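Trainee: using only what follows, build the 3D model:
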Amino acid sequence: QVDLVESGGGLVQSGGSLRLSCAFSGYAFDAYAMAWFRDAPGKEREIVAAISRSGGGTYYRDSVKGRTAISRDNTKNTMTLQMNDLKPEDTAVYYCAARNKMIVQTTDYEYWGHGTQVTVSS
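Mentor: Below is the predicted model of the structure:
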């Protein structure tokens, strides 16, 4: 059984920063690729960033490139998403997710957290 718990969301002004964390519990964190998704009002769930099992491969959606960094610590079973220069359009519920192989064209991830709210005020 894998459990994912997000933390670090909150209310921030436009241009501010937040650091989201995802705590993984279960068997073999390094057996899973990880990703951050978000649900914004009126929009379909979309991937924000993903990271391979080793951490050597990453992916970012175009709208967050250059101001977002995904990382993982396989010794601490944690994944983080550092978001800088936040914009009102980044407002969403952010979810971490895990699956056995990194893919980015689908929301078909095996395990999901419950989400953390990020609100960016203008």
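Trainee: elements contacting the strand or helix carrying Arg19?
Mentor: Per DSSP states H and E, Arg19 falls inside strand 18-25. Based on contacts counted as 3 or more CB pairs under 8 Å, 6 or more residues apart in numbering; DSSP states H and E, the elements that strand 18-25 packs against are strand 3-7, strand 33-39, strand 78-83, strand 92-99, strand 116-121. Backbone N, C-alpha and C define where each C-beta goes, glycine included.
Trainee: nearest to Gln13, of these?
Mentor: strand 116-121 (5.4 Å; CB to CB).
Trainee: list the buried residues in that closest one.
Mentor: 116, 118, 120 (16 or more other CB atoms under 10 Å).
Trainee: the first one and Ala92 touch, don't they?
Mentor: Going back to what we said before, that points to Thr116. No. The pair Thr116 / Ala92 is not scored as a contact, 9.9 Å apart, by CB atoms under 8 Å.
Trainee: spatially central residue in the chain, please.
Mentor: Closest residue to the average C-alpha location of the chain: Trp36 at 2.3 Å, with CA atoms, centre = their mean.
Trainee: residues in contact with Thr80?
Mentor: 19-22, 70-72 (CB atoms under 8 Å, 6 or more residues apart in numbering).
Trainee: just the buried ones among those, please.
Mentor: Using 16+ other CB under 10 Å as the burial test, these include 20-22, 70, 72 as buried.
Trainee: out of those, who's nearest Tyr60?
Mentor: Ile70 (7.4 Å).
Trainee: so where does the closest one fall, helix or strand?
Mentor: Assigned by DSSP H and E, Ile70 belongs to strand 68-73.
Trainee: how big is the angle separating that strand from strand 78-83?
Mentor: With axes from the mean of the first three to the mean of the last three CA atoms, to 10 degrees as the basis, strand 68-73 and strand 78-83 are set at 170 degrees to each other.
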